[in-house]
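# this is a predicted model, with the sequence first.
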Amino acid sequence: MSLIALEALTVRYGEIEAVHGISLAVEPGEVVTLLGANGAGKSTTLRAISGLAEPASGDILFEGRSIAGLGPEAIVKLGIAHVPEGRRVFPGLTARENIMLGAANRGRMARRAIAEEADEMFELFSDIKPFADALGWTLSGGQQQMVAVARGLMAKPRLLLLDEPSLGLAPVIVQKVFSIIAEIRRRGTTVLLVEQNARMALSVADRGYVLETGRLALSGKPEELWRNDDVRDAYLGGKAAKAV
Amino acid sequence: MSATAQAAKPVAARRFRGPFAGALAYAAIAALAAVAAVYTPFDDYILHILVETATYAIAVFGLTVVLGLCGQINLAQAAFFGLGAYAVGLGTADLHVSFWLALVAGAGVALVMGALLGMSTLRLGGHYLAMVTISFQQILTLVMINWIPVTHGPDGIGNIARPALFASGHGFLGLCVIALALVGYVVWHLPETKLGRSMRAVRDNELAASVSGIDVYRVKVAAFALCALLGGLGGGLFAGGFSYVSPDQFSFAESIVFLTMALLGGVASPIGALIGTALLIVLPETLRFLKSVPGLYLAIYGLAVILIIRFMPDGIWGFAQTYLRRLMRPAPFAQAAPDLVLVPAKIEAPSALEVEGLSKHFGGLKAVDGVSFSVQRGSVHALIGPNGSGKTTTLNVLSGLYAPTAGKIALDAHDITGLPPHARTAAGLGRTFQNIRLFRSMSALENVVIGAERKGNEIPPGDLPRGHAALVERARAALGFVGLEGRSRDPITSFSYGHQRLIEIARALAGNPTLLLLDEPAAGLNSTEKLELRGLLKRIAAKGLTILIIDHDMALVSDVASHITVLNFGRRIADGVAAEVLRNPDVIAAYLGAEPDVAHRA
Amino acid sequence: MDLILQLLFTGIGIGAVYALVALGFVLIFRATNVVNFAQGEFSMVAAFVMVVLSVDLGWPYWVSFLLSLCAMALVGAVFNLGVYYPLRHRSFLPVIIATIGASIFLANSVLALYGPQPQVLQGWFDTPGIQLGPVYLDSQYLLIIAVTIVLVAFQYWFFEHTLLGKKLQATSQDKEMASLLGIPVSAMIMLTFVYSALLGGIAGILVAPILFVSIQMGATIALKAFAATIIGGFGDVAGAIIGGLALGVIETFGAAYVSVPYKDGFAFLVLVLFLIFRPQGLFGERVAEKA
């Protein structure tokens, strides 16, 4: 059974129909990436899975059970953590407090136990260890991204939704973020990754899907997708793709 | 009355009865009402209720302006009402000046106080205004009660005189009816004036209003001062009508009564104000038992406010209107829309825009970091970069929504770095938003008229003279240019997302800008709409207008742009002729990602 | 000098009450981005419940006090469900108008039920106060100051050192993100309203023996508390406390040296001066523009 399966999912975003009847599945232990240009409906797909956007039609099955229509608080308790686009680190809380709140979906836990887990996160994300007590808004983009991913992992998710983790980050930092994604995969957490940085995303993924204006255009292995001209078209436009 | 039907009405009237027929009919009805007021043998009790209704309604019209049109709150209307009433009371009873002089003085004092309160508060958020008006209300009550040598304290003022011509109760009612009719006419037609349109724009969307060239702060202060003025005027007449005033008539509770009247009837229209006022004066009179328990009827008002806000936010008239509107379809325009002329008023520099060393930092985040580029006149220049690279921040700094941390911006050789958004628009900047920002209570045409009204929009020689007709023609031309002229009277909410995008572009075009900034115009469009947009941009460019476009749709950018500037991590990584920039390896890496290559994957 | 010390003591005592109500303002504002114009009425309602229980029914002070607090928790919860929650997706103007409606409703319902006569509520202590050198320390003022210190300390501990406090803060900073983490956002907002009503209620019961218990007391206290939040910097917790104390002192000195009848006007004067010259308040602009 797939860990998560979308069946003919359609989502409206305000007045726009952002996702038109897409079907896809992620198996346990996989890293699957969802590629596509801006406005292709990638983020909306993730928002529908985590309960921030309500599907207009179609279904979302998590371990075979429909979660369409559940609220975000209920969905994260089932074990789906969403690290949204733009990082969304709480600006007035410290890095450590942000990370500790990631465990909010796991019922009553001793503060001490949560603090210990947070310390483990600072071992995994050693770059932000010195900034554990800095307020969220004072962190750089890369530091905020690491806090956001660590916070997502604190939920002990079976499925981690990552939305554009490379957004606005310098190449060195992007590589760090992706080595962390590789590490998450090694630890057995299933990841559904939305990325603009196709090369990076395909380098860590087992499979990929390409969205174009809300529809599924392609799917396949990373090597196949990377060689496909349509993928380059989607990102760079017709002329440029031919020039590459 | 809703925005759409209101603006549409005079046009329809003009078509059937000529331009002044509507005003004449209104004047005739008002005169008839005044004559009826003077000669109908009402008893004193009815007279009392009618004078109260007329004078209160004038004050409630003030709330129609400030709350209904402009979306700002005023919880001190009874205080302004009291200022007018005390001016007439003290002026005629103690100082023995003429009623008219006292009335004008009272309205003037209210106007000045309103303007001062507004000026001190309206730059800040709305809750400040709410609290400051409550405070003002409280302090004025304190002054009325405690400054006994002047105000007579809690005893109030008696023996207030009326003008000789309107000395009888019926005569004075006639005066009140005339005043009500005059003020009602002004408030009714205000939404069709430049000021009224600006107020509605501010209420609908402050950001869009400011980039359409509206000085949001000044418009708010004007609305607030006008509201205070009407409060003072109503109060002055009230004092004349009752010949006795005391502080408890102008307490905070009365301000809430005014507010409830406006909300109940419908805050968007003077008709609603009149309905609400009449109902809340007559109802407590008929349900006298409510008044026998102190506090009971105000408690009901409080509850009514909560319920109206929750279940009937447009009030009685707004509710009725949704049905009336279906019956009143505006007539179509007789003539076809003219062609859109896009001519820069004057040319001072070869480049339309010069950006030098622009930076914008948010805390530890360097969203834009020392970016420079120049947009050649008549070109289509694209600003691109991956998500989060600082494009939209750059655009927001360019249009004045953020102050830059460092750097200089020159539009047509004029330094606009320190100007607020509306002044940049006046200097020739037009823009659209990634998340469409239209004035949602208005029709397509009204939206575009606001764009056409841009200060500094010199309608080219040979075009119609300035004036409302010219603005409408220009707006129709702009709507025609984007292909939506046939639906110009339709409300914004009836348009598809893609069409709303086009209307937003038309709004900017109608202002005849020197430079058009387009923030992700293709976002949210389907492939057909994207194709149409591409054609539109080419037609705009063919007219010689300079465009700076931000978009992710590379097919669109590579097709329409002649020059491209590429940002990444808030810095410029490439700049130049489109084809070359798109071949630049750094740019390709920024978009598709750099190493490690998939081929080297473990 | 003695008079100055005496006035300072009185000013701090009355300022502590403003500070408590201002805290309620700030907490609700941070959680919902809405100014609750009925915040002062929480104080008024609590004082009247206290009068009913301890004066009219003659129940023991502490029993009445605890029951009054229970009543306030209920008022806060009903207020949230009836006024804020149904309007939470609307723009701010309808919401503040609704809170104003609620304020009018509360004040006048009490008037209709209890009549216009101001009521007298005895303080907790039988001893009127103690003379400390040149300064007479009224027992009720001492109690107010002590309770305020305890509540502020509790609140600091709660927000800075408990996970629940952090969840409340997270909710007020980014509701959507909080819900993604599994923080029950609606419950957090409910808790904020209940706690704010309790703060307002305690302030009302504490100040009742000093002022008369009247239906106007809510509006008066709300106005002062709002001025206090502006002085301190809108949305800033420490600012609200310092603003409240400062306002109490200014007002007490103003009444002693300038004019008694216009005592309530000083808050307005200070408010307008701050709005014109320092709208961000004493402690404003701490969080960055794009936080």
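Cool, the structure landed. Numbers count the residues shown, from 1 in each chain, chains lettered A, B, ... in the order given.

# part of a helix, is A:Leu218?
No - assessed with DSSP: H, G, I helix; E, B strand; the rest coil, A:Leu218 is strand; it does not lie in a helix.

# what bridges to the closest residue to it other than its chain neighbours?
Take A:Leu218 and drop its neighbours on the chain: the residue closest to it by Cβ to Cβ, 6 or more residues apart in numbering or on different chains is A:Val210, 4.1 Å away. Yep, even glycine has a C-beta here, placed from its N, CA and C like the rest. For A:Val210, the beta-bridge partners under DSSP bridges are A:Leu35, A:Leu218.

# contacting residues around A:Val210?
A:Val210 makes contacts with A:35-36, A:216-219, A:225, A:228, A:230-231, A:234, as judged by Cβ atoms under 8 Å, 6 or more residues apart in numbering or on different chains.

# reformat these as a markdown table; add neighbour count and pLDDT.
Shown next, in a markdown table, are those (neighbours: other Cβ atoms under 10 Å in any protein chain shown; pLDDT from 0 to 100):
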| residue | neighbour count | pLDDT |
| --- | --- | --- |
| A:Leu35 | 27 | 89 |
| A:Gly36 | 27 | 81 |
| A:Leu216 | 21 | 89 |
| A:Ala217 | 17 | 86 |
| A:Leu218 | 17 | 88 |
| A:Ser219 | 16 | 91 |
| A:Leu225 | 23 | 88 |
| A:Asn228 | 15 | 83 |
| A:Asp230 | 12 | 73 |
| A:Val231 | 24 | 73 |
| A:Ala234 | 24 | 64 |
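
# would you reformat those residues as TSV and include distance to B:Leu259?
Listed next are those as TSV, based on distance: Cβ to Cβ, whole Å:
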residue	distance to B:Leu259
A:Leu35	54
A:Gly36	50
A:Leu216	54
A:Ala217	55
A:Leu218	59
A:Ser219	59
A:Leu225	61
A:Asn228	63
A:Asp230	60
A:Val231	59
A:Ala234	54
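
# A helix includes C:Met131, no?
Quick fix: residue C:131 is Gln, not Met. No - under the criterion used here (three-state DSSP), C:Gln131 is strand, not part of a helix.

# so for residue 139, what's the pLDDT?
Defaulting to chain A. Predicted confidence (pLDDT) for A:Leu139: 86.

# I was after chain C.
pLDDT for C:Ser139: 89.

# OK, contacts around it?
By Cβ under 8 Å, 6+ apart, C:Ser139 lies in contact with C:123-125, C:127-130.

# got TSV for those, with secondary structure too?
As requested, the contacts of C:Ser139 are exported to TSV (three-state DSSP):
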residue	secondary structure
C:Gly123	coil
C:Trp124	coil
C:Phe125	coil
C:Thr127	coil
C:Pro128	coil
C:Gly129	strand
C:Ile130	strand
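
# the stretch 1-150 of chain B: helices as residue ranges?
For the stretch 1-150 of chain B, helices defined by DSSP state H, counting those that start in this stretch occupy the ranges B:3-17, B:21-39, B:44-63, B:77-89, B:99-121, B:126-146, B:148-151.

# nearest to chain A, of the ones you listed?
Between chain A and the helices of the stretch 1-150 of chain B, the tightest spacing by Cβ to the nearest Cβ is seen for helix B:3-17, at 18.9 Å.
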